[in-house]
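Colleague: attaching a predicted model along with its sequence, questions to come.
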There are 2 protein chains.
Amino acid sequence: MATSETSAARQQILEIASQLFYQKGTQNVGINEVIAQSGVAKRTLYRHFPSKDDLILEVMQHRANQWIAWFEEAVNSKGGTAKERLLATFDVLQKWYSEPHFRGCPFINVVLEIADASHPAHQVSVQLREKIREYIMQLAAEAGVGDPIAFSQQYLLLIGGASLMATIEGNPTGAQFAKHTLEILIAAS
Amino acid sequence: MATSETSAARQQILEIASQLFYQKGTQNVGINEVIAQSGVAKRTLYRHFPSKDDLILEVMQHRANQWIAWFEEAVNSKGGTAKERLLATFDVLQKWYSEPHFRGCPFINVVLEIADASHPAHQVSVQLREKIREYIMQLAAEAGVGDPIAFSQQYLLLIGGASLMATIEGNPTGAQFAKHTLEILIAAS
DNA sequence: GCTCAAGGAGACAACTCTGTCTCCCTTTGA
DNA sequence: TCAAAGGGAGACAGAGTTGTCTCCTTGAGC
């Protein structure tokens, strides 16, 4: 029997909502559109998700888990020294920015789309940033960077800046500027 | 006689809308709230601004003009060498991030809040970024930086990253990380 | 075979939003 | 003096939103 957590309808709703929320923005997608695309009854959606905000939260949590796993895996599979992997992060990101349906970093998008800072989905993005920082800090320590904590903060600046450039100007090459900056930071440390 | 461009009601609407849009987000402020706070009739608002999108556009254009003038003035008044002024930009920004009612960079906010990239207000932010870049490029050239164009792009990364950090984490100290990074970039050029 | 949860279909309530419209008053320039 | 424009107050249309409710069907485990 399909339990409440693994039911096909639930998975379908999450998948469709994830796509729609990303492509059009959470605020520009109505529940009616989600159920129409999912081929699911409204009653069914509200049985699994008490409110639209709950649905948004769960979609973002799922997306964040997927993203960090994908990111670390993509970087680690590049191999090489820790320094090489640090630099490779921006190659991975540039590929992401260049994907045909890229419409900005979903975690930046959702924070700014939902102006209310107390919205739970806001925390998902903050926590993801922290996970990224910790991963980078580890790589930096391994690469022998002088102050890995400060370095990881500077990294957050660069990844945020590059993602913003990709989002606002639709320009994926911010990643290369960031990579170049990172190289200088490592050399100077 | 108060012409259509300088009328008191028009100025009042722009001012109130500017505040409300910034504090709560353009999408979370209704026309009814703008007119209630402005003490103006709905008919009057629509006489001056054909639609809410027109109002948003005009508010953002006004804000962008104000911002770049304020920024350049604040930096130039710091005096010192071109290099010192370049670095001082992030002191100016940190002060901005620390203001009591700071709620993120309004130009980043509006782009991501209005998910539709074809909205005219989107262009205002893109153009402002370009104005910032040109201003920085000039300073960089004056400071004897090797490649002022590439440098100005890297600067956009840093200002975007710092503004994002201030917005998402409510942490104004991103400006100091950015300043430190900028110092290294200048030294390495 | 029976029970009960999951699901489909969709009406409906109770909002909110933008933009239009009417009616009337006030100010000002010719 | 008078016409025209600016403005105030607010009803209203029309579309949109989230979330609730009823009624019906299906299927799996006991």
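Modeller: Now that the structure is in, tell me what you want to look at. Residues are numbered from 1 along each chain as shown, chains lettered A, B, ... in the order given.

Colleague: give me the longest helix you can find in chain A.
Modeller: In chain A, with assignment by DSSP state H, the single longest helix is helix A:52-76.

Colleague: check which element follows that helix along the chain.
Modeller: Sequence order places helix A:82-97 as the next helix or strand after helix A:52-76, per DSSP states H and E.

Colleague: who's in contact with the longest helix of chain A?
Modeller: A:13-14, A:17-18, A:21-22, A:26, A:31, A:34, A:45, A:49, A:85, A:88-89, A:92, A:106-107, A:110, A:114, A:119-121, A:124-125, A:127-128, A:131-132, A:135 (C-beta atoms under 8 Å, 6 or more residues apart in numbering or on different chains). The C-beta positions use only the backbone N, C-alpha and C, and glycine is treated the same way.

Colleague: emit the ChimeraX select command for whichever of those are buried.
Modeller: Of the contacts of helix A:52-76, the buried ones can be selected in ChimeraX as follows, counting by 16 or more other C-beta atoms under 10 Å in any protein chain shown:
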select /A:13,14,17,18,21,22,26,34,45,49,85,88,89,92,106,107,110,114,119,121,124,125,128,132,135
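
Colleague: and chain A, which residues reach DNA strand D?
Modeller: Contact residues (C-beta under 7 Å from any atom of the strand) of chain A with DNA strand D: A:1, A:29-33, A:42-43, A:46, A:50-53.

Colleague: pull out the buried residues from these.
Modeller: Burial of the residues of chain A next to DNA strand D was assessed by neighbour count (16+ other C-beta under 10 Å); the buried members are A:Val29, A:Lys52.

Colleague: Throw the residues of chain A next to DNA strand D into JSON lines and include pLDDT and secondary structure, thanks.
Modeller: JSON lines is the format used below for the residues of chain A next to DNA strand D (pLDDT from 0 to 100; DSSP: H, G, I helix; E, B strand; the rest coil):
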{"residue": "A:Met1", "pLDDT": "39", "secondary structure": "coil"}
{"residue": "A:Val29", "pLDDT": "97", "secondary structure": "coil"}
{"residue": "A:Gly30", "pLDDT": "97", "secondary structure": "coil"}
{"residue": "A:Ile31", "pLDDT": "97", "secondary structure": "helix"}
{"residue": "A:Asn32", "pLDDT": "96", "secondary structure": "helix"}
{"residue": "A:Glu33", "pLDDT": "97", "secondary structure": "helix"}
{"residue": "A:Lys42", "pLDDT": "96", "secondary structure": "helix"}
{"residue": "A:Arg43", "pLDDT": "95", "secondary structure": "helix"}
{"residue": "A:Tyr46", "pLDDT": "95", "secondary structure": "helix"}
{"residue": "A:Pro50", "pLDDT": "94", "secondary structure": "coil"}
{"residue": "A:Ser51", "pLDDT": "96", "secondary structure": "coil"}
{"residue": "A:Lys52", "pLDDT": "97", "secondary structure": "helix"}
{"residue": "A:Asp53", "pLDDT": "97", "secondary structure": "helix"}
